[in-house]
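Asker: turn this into a model:
(one chain, ligands or ions: 1)
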Amino acid sequence: MKAATATAIKPPADFAVEKIRADFPALHQKVHGRPLVYLDNAASAQKPQAVIDAISDYYRRDHANVHRGVHTLSQRATDAYEGAREKVRAWINAASSCECIYVSGATEGVNLVAQAYARPRLKSGDEIVATISEHHSNIVPWQMVCEQTGAVLRAIPVQDNGELDLRAAAELIGGRTRIVAFGHISNALGTVNPVAELTAMARAAGAVTVVDGAQAMPHLRVDVRALDCDFYTFSGHKMYGPTGSGILYGKEALLDSMAPYRGGGEMIKSVSFAGTVYHDLPHKFEAGTPFIAGAVGLGATVDYLGGIGMEQVAAHESAVLDYALARAADTPGLTVIGRPRQRAAILSFTMDGVHPHDIGTVLDHEGVAVRTGHHCAQPLMQRFGIAATARASFGMYNTRAEVDALFAAVGKVREMF
Ligand code: C6P
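Answerer: Residues are numbered from 1 along each chain as shown. Model (predicted):
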């Protein structure tokens with residue numbers, strides 16, 4: 001992407017960012033005596049008051065176990081839990097709420113598909129294709145399945161600009177491929193991957209697609225039917241919802257064909273020592289007392305995002321990111337990793353002669369929170385010949401003034417090293 005000059009980049013005038021900031025209590029504090037500039041949203045985003053209130057109201061008024069009791073509180077809790085599932089269904093445009101399985105996050109979503117879909121079906125000679133830019137949670141579960149089944153894991157390479165090499169993908173995805181697993185947006189570089197193209201390649205090969213949407217849900221309106229993927233998973237906490245909440249979407253016919261991978265209460269119709277009859281979807285994948293407050297919080301998150309509009313969010317974040325890229329281009333000794341044409345909200349960089357951890361420490365003393373390290377994407381770091389980066393990741397509440405604060409702090413790093 002060719003950087004525009006910093007002064008030419010303006011966020012959309014109709015996006016009321018200060019009003020949005022007022023909704024997030026955690027943003028209004030000082031760190032080391034400086035106003036907090038929170039740029040670690042890809043690791044976890046802050047929570048709006050509406051989500052905090054929904055969780056605390058639930059615990060204050062409606063809490064009981066779900067699907068178990070005839071008493072009023074249990075019915076209220078069940079309504080809230082299932083009502084939130086329906087909100088998420090509508091938000092991602094799934095055909096049925098039974099296609100939305102509550103999980104603890106994207107990590108559990110991928111593991112569920114790996115163990116409940118892939119493990120019983122794959123055999124020696126089969127192949128799983130992922131990309132080299134995946135988060136570890138979309139690599140390691142597949143490596144485990146390969147160890148269990150004798151299948152082989154292959155990786156689509158990434159070009160110097162941080163985009164996937166689609167020519168290589170077309171060669172890798174073939175007759176042996178059973179699963180194609182890829183992130184919608186890279187957490188380390190921000191590259192927006194071509195989901196439709198990869199899904200089409202997988203479909204032509206007769207393979208199933210597993211999309212890790214952890215970094216997409218905070219930035220895009222995701223329509224799982226338009227994407228036509230088989231599975232799509234995400235974490236609530238990156239999209240301004242509670243930690244420990246998340247969804248695995250799967251096409252009903254596929255989920256139906258899968259046996260549960262965890263047994264216990266909630267996921268059965270009847271149990272005897274002669275045998276157990278599993279519950280219908282989605283409950284057969286939700287063994288045990290679920291994270292009810294997390295589901296309620298996730299439903300409130302979707303309500304909150306719906307009130308703002310993801311198109312507005314995307315336009316605002318894109319202007320903030322472009323401004324940050326332009327400031328980066330004007331900063332001597334700073335290298336931005338990756339230049340993908342489609343990029344969302346993430347700026348990963350290194351500085352000549354300074355370890356990323358030192359960058360992170362100095363920035364923290366200036367009140368600026370970024371993540372440093374390998375971002376759980378070590379194969380991607382190896383591809384770029386680096387051990388770590390500093391990563392500023394933006395959310396809907398970040399401003400151009402905060403980008404200025406980031407680069408003022410980067411200037412301090414330069415002075416010190
Ligand atoms: N990435 C980051 O700083 P969980 O932990 O299950 O909520 O999310 C895992 C995960 C899966 N896929 C992608 C693309 C991710 O970015 C993450 C989490 C954080 O980048 C923490 S490592």
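Asker: ok, which residues in the stretch 151-300 of the chain are in contact with the ligand?
Answerer: Within the stretch 151-300 of the chain, the residues that sit near the ligand (Cβ under 6 Å from any ligand atom) are 183, 187, 212, 214-215, 235, 237. All C-beta atoms are positioned from the backbone trio N, CA, C, and that covers glycine.
Asker: the same query, at a cut-off of 8 Å, please.
Answerer: With Cβ under 8 Å from any ligand atom as the criterion, the stretch 151-300 of the chain comes near the ligand at residues 183, 185-188, 212, 214-215, 235, 237-238, 243, 246.
Asker: now those residues as CSV including secondary structure?
Answerer: Output for these, formatted as CSV (DSSP: H, G, I helix; E, B strand; the rest coil):
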residue, secondary structure
G183, strand
I185, strand
S186, coil
N187, coil
A188, coil
D212, strand
A214, coil
Q215, coil
S235, strand
H237, helix
K238, helix
T243, coil
G246, strand
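Asker: what strand or helix carries I247?
Answerer: strand 246-250 (DSSP states H and E).
Asker: confirm that N65 sits in a helix.
Answerer: No - applying three-state DSSP, one finds N65 to be coil, outside a helix.
Asker: and for it, the neighbour number?
Answerer: 16 (other Cβ atoms under 10 Å).
Asker: confidence score at it?
Answerer: In this prediction, N65 carries a pLDDT score of 96.
Asker: swap in P12?
Answerer: 70.
Asker: what sits against it?
Answerer: Residues in contact with P12 (Cβ atoms under 8 Å, 6 or more residues apart in numbering) are 312, 315-316, 319.
Asker: same thing but at 10 Å, please
Answerer: 311-312, 315-316, 318-319 (Cβ atoms under 10 Å, 6 or more residues apart in numbering).
Asker: what does Q115 give?
Answerer: 141, 144-145, 148, 258-262.
Asker: same question for I20.
Answerer: By Cβ under 10 Å, 6+ apart, the neighbours of I20 are 27, 48, 304, 308, 312-313, 316, 395-399.
Asker: residue ranges in this protein under the pLDDT threshold?
Answerer: By pLDDT under 70, the weakly predicted segments of the chain are 1-11, 13.
Asker: closest one to the ligand out of the contacts of Q115, please.
Answerer: When those are compared for distance to the ligand (Cβ to the nearest ligand atom), P141 comes out closest, at 10.7 Å.
Asker: quick one: neighbours of the residue lying closest to that closest one once chain neighbours are set aside, just the number.
Answerer: Distances taken as Cβ to Cβ, 6 or more residues apart in numbering put A114 closest to P141, at 3.9 Å, once the chain neighbours are dropped. Neighbour count of A114, defined by other Cβ under 10 Å: 25.
Asker: one step back: for the strand holding I247, which strands pair with it and how are they oriented?
Answerer: With DSSP bridges as the test, strand 246-250 is paired with strand 100-103 (antiparallel), strand 231-235 (antiparallel).
Asker: can I get stretch 126-146 as PDB, trimmed to CA atoms?
Answerer: Provided in PDB are the C-alpha atoms of stretch 126-146 (Å, rounded to 0.1, in the frame of the first residue of the first chain):
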ATOM      1  CA  ASP A 126      -4.600 -37.000   3.800                       C
ATOM      2  CA  GLU A 127      -3.500 -33.400   4.000                       C
ATOM      3  CA  ILE A 128      -4.500 -30.400   5.900                       C
ATOM      4  CA  VAL A 129      -3.500 -27.000   4.400                       C
ATOM      5  CA  ALA A 130      -3.000 -24.000   6.700                       C
ATOM      6  CA  THR A 131      -1.000 -20.800   6.100                       C
ATOM      7  CA  ILE A 132       2.400 -19.800   7.400                       C
ATOM      8  CA  SER A 133       0.800 -16.700   8.900                       C
ATOM      9  CA  GLU A 134      -1.600 -18.500  11.200                       C
ATOM     10  CA  HIS A 135      -1.800 -17.900  14.900                       C
ATOM     11  CA  HIS A 136      -0.500 -21.000  16.800                       C
ATOM     12  CA  SER A 137      -4.100 -21.900  17.700                       C
ATOM     13  CA  ASN A 138      -4.700 -22.600  14.000                       C
ATOM     14  CA  ILE A 139      -1.500 -24.600  13.700                       C
ATOM     15  CA  VAL A 140      -1.000 -26.700  16.800                       C
ATOM     16  CA  PRO A 141      -4.400 -28.400  16.900                       C
ATOM     17  CA  TRP A 142      -3.800 -29.500  13.300                       C
ATOM     18  CA  GLN A 143      -0.400 -30.800  14.200                       C
ATOM     19  CA  MET A 144      -2.000 -32.800  17.000                       C
ATOM     20  CA  VAL A 145      -4.500 -34.300  14.500                       C
ATOM     21  CA  CYS A 146      -1.700 -35.200  12.200                       C
END
